[in-house]
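[1] Here is my input, please return the structure:
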Amino acid sequence: MPRYPFRRFGFSALRRLLYLWVRSETINQSAVSLRIDRSKPVLYVLQQPSVSDLAVLDTECRKIGLPRPVMPVTVGGNSEPAAFFYLTPEPDWLGRQDKRGAPPALVRSLASITHNDTADAQVIPVSVFWGQSPDSEKSAWKLLFADNWAVTGRLRKLARILILGRKTRLQLSAPIHLRELVDQGKGPERTLRMVQRILRVHFRNQKTAVIGPDLSHRRTLVKGLLRAPLVREAILRESNEQNISQEKAEASALRYANEIAADVSYPVIRFIEVVLTWFWNKLYEGVKVNHIERVQDVAHGNEIVYVPCHRSHIDYLLLSYLLFRNGLTPPHIAAGINLNMPVVGSILRRGGAFFMRRSFKGNQLYTAVFNEYLHSLFTRGFSTEYFVEGGRSRTGRMLNPRTGMLAITLRSYLRDSRRPIVFVPVYIGYERVFEGRTYLGELRGAAKKKESIFDLFKVLSALKQRFGQVWVNFGEPIHLTPFLEQHEPSWRKQQLAPEFRPAWLTDATNHLGREVARRINDAAAINPINLVALALLSTGRQALDEIALTRVLDLYLSLLRKVPYSPSATLPEGSGRDLIEYARSLNLLAEQKDALGRILYLDEQNAVLMTYYRNNVLHVFALPALIASFFQSNARISREQLLRFAHALYPYLQAELFIRWSAEELTGEVDKWLEALVEQGLLRQENDAYLRPAPSSREFVQLTLLARAITQTLQRFYMAVALLLKAGQKQLSAEELEDLCTVMAQRLSILHGLNAPEFFDKSLFRHFIQTLLDQRVLRKDDAGKLSYHRLLGDLAEGAAKRVLPAEIRLSIRQVALEHPAP
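    Okay, here's the model as predicted:
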């Protein structure tokens, strides 16, 4: 150790020799630098004695301007020859190591701070990971030498430096202030043990967060599932119900376990990262990541459940790739059994995927095995990932959550809540989704194509196209313990048997699903393609001249900067003209030139495809579009009237689009948007009333385009109510009304040329009808027939007159009246 001048000279020579080959970088250096108090002495702590790790630390500190570990430091009047120590003491000359001993530098520093009331020191834990830079890895077999949980000897460490020295990462953690621990008054010995315990736990959690928990052999894990009480009961039940032997039932359970369980291999994970680095660079022009510090803040000591939106098969790989690149372990991912294909399934399984069937219904043994497997992941500290939407969104909207996996997670937590669970919402936004053409066919009525290994060749052929960038935003985490305490304060007293399902659990799960969906949407990444799609699809013929389109895009950017959707949402850089040029470069815009300039438009194929990208961010514009809608048929409206109708319609928009504001927050948000619209000249205020611009003005055209963003949604609401009123009380069931709405929407889309296939998406009508039931506007009788509030007709017509053009209302009523009575 470099404690004396001649040893420092030797260390300096060794470091220079080492860095003839070694290349290193610091993870998250800016965040740590901000937490360090430059006025107080710094002591670095490494977990194990290692001169090579110390050399990396010294080099990185020089690069980022932090105090060097090999230089002397003074702590409370005590001078230390070097500003570092090892948590595990160095071995003696005979190689013996006393792991119970305390680092002398730490002992002296604590003693000095104890005797000096104003002294303090910052202890910064340091972790060095060799072979943790997949962006520069070229040889897959080298990954075998990367950091893992195995005990590393000096020979293997030398091999690791030689093979992986050019891909080394150093991670500095937040400083621990010794003064805060000494002031707890526990005495010198107990304080020393406390500091050592904190550091040991920190290093264990740090290593778990970066390379994952220590893995048991897969066979041990799988066989352990069969010994779990819940699975044993299911085996006995299967044996009795199917009239088979217990051995045969147990063999079925073992088969299910092997079908489900991941077979994680860190070398394979790192090999996948190498391949994906090449893939992202070829297919996309960059991945923009925002708010990942939220994950880094909660990764230690918590069980992390990533809950991203699901837009593409690439989602599975993208999140794991980004986490690994940012010093976090890739999660175990719930994948559909349809992806368990030859070759691909095996690679995915070793990369962390576990496979689940689309439905567990009627198979209690499979359900028990799957639930126990998830419980084992949670209790062992593995981060997990699943999609609350259940499947990929073909329309670009956030789908209604399917709460099966959330329910399993909550029941597991009721069984064992020792390790806190934190849900991390993730918004993934593509400027051009890889499966776009497939979705286009499905939106036009084609059957969903089954996944095939031959799809890999399509991936390779697509590398010639431009797909733009990908945006990944991490939303505000949801801590499960506070969530449960708010929803059910007595939940801790109800932790009983594994199969226990309290009455409140279903409601809590549904509430959690909605909250997850909202927080995913909160983190929306608004990109150039979203905004161009929103503007052009709001026109009658999906076309605008270049100057007008530029103005509309500049308006949208100005509005969103004035009234941000949420602290987690992000906006593109540049002006409206920049956004147009970018969309043109991706071949998503067609153009026609004449003497007056360029007209930009969407051809028939892209017009349908762009509805997908508009729908990605429709929730962001829903409220301002609703406000704008009130002025399409009204030149003047009072604030009181506007708020009354906004409060009447908002619950249905919120339920469909998972908008973030509660009913109590709505008034304040409406006022913010009214102020912004007035500032942009789209409205004018007179006392307590608001006036629209002159119909011949440019501002009125822009206000109309904004309103049209939400018109089709409001049309669907009006259709459902019109058909219900036409049928009368207790004449239709929810399913019958849903079918009628779908047929009517298809008809209107033909009559009015609506080029938006999600307009007649049956699930959207189902969701609206359910929201009417939840709001107690509708009721079901014993036969399942729907009755409605007697004022529904007046309320619906009054709202429709203010937000829908007269010709659309007339057309909807006419189609409804032509429908024969049930």
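
[2] Could you look up the SS state of V128?
    Each residue gets one of three states, and V128 gets strand by DSSP: H, G, I helix; E, B strand; the rest coil.

[3] How about it, nearest residue that isn't a chain neighbour?
    Ranked by Cβ to Cβ, 6 or more residues apart in numbering and with sequence neighbours excluded, the top spatial neighbour of V128 is D53, at 4.2 Å. For the C-beta atoms, the positions are set from N, CA and C on the backbone; glycine is no exception.

[4] and what of L677?
    L683 (4.5 Å).

[5] ditto for G390
    What sits nearest to G390 in space, not counting adjacent residues and going by Cβ to Cβ, 6+ apart, is R402, at 3.6 Å.

[6] helix, strand or coil for the one you found?
    Secondary structure assignment for R402 (three-state DSSP): coil.

[7] Could you count how many residues lie near it?
    Close neighbours of R402, defined as other Cβ atoms under 10 Å, add up to 15.

[8] Local confidence estimate at it?
    Looking at R402, its pLDDT stands at 91.

[9] quick one, phi/psi of it?
    phi -100, psi 120 (degrees, to the nearest 10).

[10] Check the gap between it and L609 for me.
    According to Cβ to Cβ, to the nearest Å, R402 stands 26 Å off from L609.

[11] then the helix or strand in which E180 is found to CSV, C-alphas only?
    E180 belongs to helix 178-182 when assigned by DSSP states H and E. Extracted C-alpha coordinates of helix 178-182, given in CSV (Å, rounded to 0.1, in the frame of the first residue of the first chain):
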residue,chain,number,x,y,z
LEU,A,178,-19.1,9.5,10.3
ARG,A,179,-20.1,12.5,12.4
GLU,A,180,-23.8,11.5,12.1
LEU,A,181,-23.0,7.9,13.3
VAL,A,182,-20.8,9.1,16.2
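
[12] Next SSE downstream of it?
    That would be, after helix 178-182 and using DSSP H and E, helix 188-211.

[13] distance between that next one and the chain's centre?
    Taking Cα atoms, centre = their mean, to the nearest Å, one finds the center of helix 188-211 at 30 Å from the center of the full chain.

[14] Now do it: everything it contacts.
    With Cβ atoms under 8 Å, 6 or more residues apart in numbering as the test, helix 188-211 has contacts from 45, 47, 87, 102, 106-107, 110-111, 114, 123, 125, 127, 129, 132, 147-149, 171, 173, 176, 178, 181-182, 184, 186, 214, 266, 299-301, 327-329, 381.

[15] Give the buried subset of those residues as a ChimeraX selection command.
    To isolate the buried members of those in ChimeraX, using 16 or more other Cβ atoms under 10 Å:
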select :45,47,87,102,106,110,111,114,123,125,127,129,132,147,148,171,173,176,178,181,182,266,299,300,327,328,329,381
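
[16] For the residue nearest to G390, give me its contacts.
    388-390, 513.

[17] what does Y321 give?
    By Cβ under 8 Å, 6+ apart, Y321 lies in contact with 273, 276-277, 280, 330.

[18] what do you get for A663?
    Neighbour list for A663: 647, 650-651 [criterion: Cβ under 8 Å, 6+ apart].

[19] give me the number of residues near M610?
    26.

[20] per-residue confidence at it?
    We have a pLDDT of 88 for M610.

[21] next one: the one 5 residues further on
    Looking at N615, its pLDDT stands at 92.

[22] From the contact counts, what lies against the helix or strand that contains it?
    Assigned by DSSP H and E, N615 belongs to helix 604-616. Packing partners of helix 604-616 (3 or more Cβ pairs under 8 Å, 6 or more residues apart in numbering; DSSP states H and E): helix 436-443, helix 528-537.

[23] coming back round to it: helices or strands up against the helix holding E180?
    The helices and strands touching helix 178-182, judged by 3+ Cβ pairs under 8 Å, 6+ apart, are helix 104-114, helix 188-211.

[24] Could you pull up the mean pLDDT of that helix?
    88.

[25] any idea which of the contacts of Y321 is closest to G362?
    P330 (33.3 Å; Cβ to Cβ).

[26] nearest residue to the closest one other than its sequence neighbours?
    Using Cβ to Cβ, 6+ apart, the closest residue to P330 is S320 (3.7 Å).

[27] contacting residues for the one you found?
    By Cβ under 8 Å, 6+ apart, S320 lies in contact with 269, 272, 330-331, 333, 351-352, 385.

[28] from those, which single one is nearest S585?
    Closest approach between the contacts of S320 and S585, by Cβ to Cβ: I272, at 30.3 Å.

[29] Following the chain onward from the host helix or strand of that closest one, which element is next?
    Using DSSP H and E, I272 sits within helix 266-283. Sequence order places strand 287-290 as the next helix or strand after helix 266-283, per DSSP H and E.

[30] Can you give the strand pairings for that next one, parallel or anti for each?
    Strand 287-290 pairs in its sheet with strand 470-474 (parallel), by DSSP bridges.

[31] Show the average pLDDT along the partner strand.
    94.

[32] After that strand, which helix or strand is next? Please name it.
    Downstream of strand 470-474, the first helix or strand assigned by DSSP H and E is strand 478-479.

[33] mind listing what that next one pairs with, with the direction of each?
    Take DSSP bridges as the rule and strand 478-479 pairs in its sheet with strand 421-430 (antiparallel).

[34] buried ones in stretch 403-419?
    In stretch 403-419, counting by 16+ other Cβ under 10 Å, buried: 403-415, 417.

[35] And stretch 380-389, by the same measure?
    381-389.

[36] before we move on, what about stretch 466-484?
    467-478, 480, 483-484.

[37] gap between R639 and Q770?
    Counting by Cβ to Cβ, the gap from R639 to Q770 is 31 Å.

[38] Helices of the stretch 451-600 of the chain, start to end?
    Secondary structure of the stretch 451-600 of the chain by DSSP state H, counting those that start in this stretch: the helices cover 455-462, 480-487, 505-522, 528-537, 546-562, 576-585.

[39] Need phi/psi at the nearest residue to P175 once chain neighbours are set aside.
    Computed as Cβ to Cβ, 6+ apart, the closest residue to P175 that is not its neighbour in sequence is Q122, at 3.7 Å. Per-residue torsions, Q122: phi -100, psi 120 (degrees, to the nearest 10).

[40] What mean pLDDT does stretch 368-375 get?
    Throughout stretch 368-375, pLDDT has a mean value of 92.

[41] err, stretch 644-654, not the other one
    Across stretch 644-654, the average pLDDT comes to 92.

[42] So for the most centrally placed residue in the chain, what's the nearest residue that isn't a sequence neighbour?
    Geometric centre of the chain, nearest residue: V426, 0.9 Å, by Cα atoms, centre = their mean. Leaving out its chain neighbours, the residue that sits closest to V426 by Cβ to Cβ, 6+ apart is P308, at 3.7 Å.

[43] Looking at that neighbour now. What's its pLDDT?
    On pLDDT, P308 comes in at 95.

[44] Repeat that for G286.
    79.

[45] how many other residues sit next to it?
    So G286, with other Cβ under 10 Å, has 11 neighbours.

[46] what sits against it?
    469-470.

[47] Use 563 as the first number from now on
    In the new numbering, first residue 563, that becomes G848.

[48] where are the low-confidence patches of the stretch 1213-1362 of the chain?
    Filtered on pLDDT under 70, the stretch 1213-1362 of the chain yields the residue ranges 1313-1319.
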